[in-house]
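Engineer: Any chance you could fold what I've pasted below:
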Amino acid sequence: MTVFEPGCVIDRREVLHGLPWLVVPVQVVRDDGEELAVYVAEGTPFTFPDHPFGRHPWSQRTRWTDTSVLQVHRAGDAHAVWGMYEQGVFAGWYINFQAPLHRWSGGFDTLDHGVDMWMPNGASEWQWKDLEDVARLVQDGRITEDEARDVWSETERVASSLRRGARWWQHWDAWSPGHR
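Structural biologist: As a prediction, the model looks like this:
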């Protein structure tokens, strides 16, 4: 397994049907083989390789804007937790449901599954976002019905943990972009 050194820049790729669809360079904050934390600075450029499926939904964007982001991924999880920072100040946790990361020598691959949770200011309460996106992804052929069922299982697993007050990423609460 590839483990990345803190400070190095790797590619976070969204891979659809076996081919990269979106590529974002990210800086490794920490990697122990089980948990990979990367940083996306405001202004980080996007690359959109040609893809037989068509254009990525973000293809009108050239860069990450409005926030910087700490993305924390755990091996095997079908979600990542994103700490959102507006001008360096923590704004909240965003739980991005996505394909489990797949490491390769230059970075890692995943694919966004549409639905998300938002925990403003790190509050114990959360809000669902984009619940309708999963059905649209199936309809558009981006994921299968079986994958959609897996997405809903993962959302329930995470929501159940949050209802119990359990956040596996709690040790990142004090992190800020200045700690890189």
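
Engineer: Helices of this structure, residue ranges please.
Structural biologist: Along the chain, the stretches classed as helices by DSSP state H are 133-140, 145-163.

Engineer: now those as JSON lines including mean neighbour count, distance to residue 49 and mean pLDDT?
Structural biologist: The way it works is simple: take the backbone N, C-alpha and C, and place the C-beta from them, glycine included. JSON lines is the format used below for those (neighbours: other C-beta atoms under 10 Å; distance: least, C-beta to C-beta, whole Å; pLDDT from 0 to 100):
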{"stretch": "helix 133-140", "mean neighbour count": "15", "distance to residue 49": "19", "mean pLDDT": "95"}
{"stretch": "helix 145-163", "mean neighbour count": "14", "distance to residue 49": "22", "mean pLDDT": "96"}
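
Engineer: Distance to residue 90 for those helices - can I get that in JSON lines?
Structural biologist: What follows is the helices of the chain, written out as JSON lines (distance: least, C-beta to C-beta, whole Å):
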{"stretch": "helix 133-140", "distance to residue 90": "26"}
{"stretch": "helix 145-163", "distance to residue 90": "18"}
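
Engineer: Minimum distance to residue 37: which of those helices has it?
Structural biologist: With C-beta to C-beta as the criterion, residue 37 lies closest to helix 145-163 of the helices of the chain, at 17.9 Å.

Engineer: Next, the angle from the closest one to helix 133-140.
Structural biologist: Using axes from the mean of the first three to the mean of the last three C-alpha atoms, to 10 degrees, the inter-axis angle of helix 145-163 relative to helix 133-140 is 170 degrees.

Engineer: chain center to helix 145-163: distance?
Structural biologist: Relative to its chain's centre, helix 145-163 lies at 15 Å (C-alpha atoms, centre = their mean, to the nearest Å).

Engineer: Let the chain start at 35 from now.
Structural biologist: That works, and once the first residue is 35, the last one we named lands at helix 179-197.

Engineer: Remind me what that helix packs against, helices and strands.
Structural biologist: Counting contacts by 3 or more C-beta pairs under 8 Å, 6 or more residues apart in numbering; DSSP states H and E, helix 179-197 is packed against strand 123-132, strand 146-154, helix 167-174.

Engineer: what does it contact?
Structural biologist: Outside helix 179-197, the residues that touch it by C-beta atoms under 8 Å, 6 or more residues apart in numbering are 111-113, 129, 131, 147-149, 151, 158, 160, 168-169, 171-172, 177, 201-202.

Engineer: Show me which of the residues you listed are buried.
Structural biologist: 111-113, 129, 131, 147-149, 151, 160, 168, 171-172, 177, 201 (16 or more other C-beta atoms under 10 Å).
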